[in-house]
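> I would like to see how this sequence folds:
(one chain, ligands or ions: 1)
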Amino acid sequence: MGKPYPPATVTQFEILPGVVSAVRQLREAGFLIVVVTNQPDVATGVQRLEIVEEMHHKLRTAGICDAIKVCYHVDRDGCGCRKPKPGMLLEAAREWDIDLAGSFMVGDRWRDVAAGKAAGCYTFFIDNKYLEGCSENADAVVASLEEAGDLILHQVRKRTSR
Ligand SMILES: [Zn+2]
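Numbering: from 1, shown residues only. Below is the predicted model of the structure:
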């Protein structure tokens, strides 16, 4: 406990209960769902590319995201996409014509929050109690993706009812 590990196999890769319905509600509210993921284990040889791609296929076929952006680099590659850099968010914004200032970045690592802030998004930190904690000041701290989804929908309804 305390240290986040990525799933090693496709079988271990689970979409958490509640995530599917939370994301469905966001999509119904008009949000595009873009997954941005660091996959350094492919570069270091700990994980195979095919396994990661199969996991992403599972995400796509579950119908819970519109796009998946992947960084296969490690820090020393100095790429522009590995979070905390905002490269994947900026690229998705260009491709999908996304208003980043009106977007929300939800993640459970400090790198997610930092990337979201760098891209100008409103940031949610899901506190899974990892020991690394979150050195970044997220706009909001939540216990789950569902909680973030509820807060986002609440904000949107407030905006549109004005
Ligand atoms: Zn990268």
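> flag every residue of the chain that's near the ion.
Proximity of the chain to the ion, by Cβ under 5 Å from the ion, involves residues 71, 73, 79, 81-82. Heads up, the C-betas are built off the backbone N, CA and C, glycines and all.
> these in strands, which ones?
Cys71 (DSSP state E).
> filter the residues of the chain next to the ion to the buried ones?
By neighbour count, with 16 or more other Cβ atoms under 10 Å, those hold 71, 73, 81-82 as buried.
> ok, which pair from these is furthest apart?
Greatest spatial distance in these: His73 and Cys81, 6.9 Å, computed using Cβ to Cβ.
> what's the helix or strand containing Lys158 packed up against?
Using DSSP states H and E, Lys158 maps to helix 145-161. Applying 3 or more Cβ pairs under 8 Å, 6 or more residues apart in numbering; DSSP states H and E, we find helix 145-161 packed against helix 19-28, strand 104-107, strand 122-126, strand 140-142.
> format those as JSON lines; extra columns: mean neighbour count and mean pLDDT.
Shown next, in JSON lines, are the helices and strands packed on helix 145-161 (neighbours: other Cβ atoms under 10 Å; pLDDT from 0 to 100):
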{"stretch": "helix 19-28", "mean neighbour count": "16", "mean pLDDT": "93"}
{"stretch": "strand 104-107", "mean neighbour count": "24", "mean pLDDT": "97"}
{"stretch": "strand 122-126", "mean neighbour count": "23", "mean pLDDT": "97"}
{"stretch": "strand 140-142", "mean neighbour count": "16", "mean pLDDT": "97"}
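> can I get these in CSV including distance to Arg157?
Formatted as CSV, the helices and strands packed on helix 145-161 follow (distance: least, Cβ to Cβ, whole Å):
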stretch, distance to Arg157
helix 19-28, 11
strand 104-107, 14
strand 122-126, 15
strand 140-142, 16
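> what's the closest of those to Ala43?
That would be strand 104-107 among the helices and strands packed on helix 145-161, by Cβ to Cβ, at 20.3 Å.
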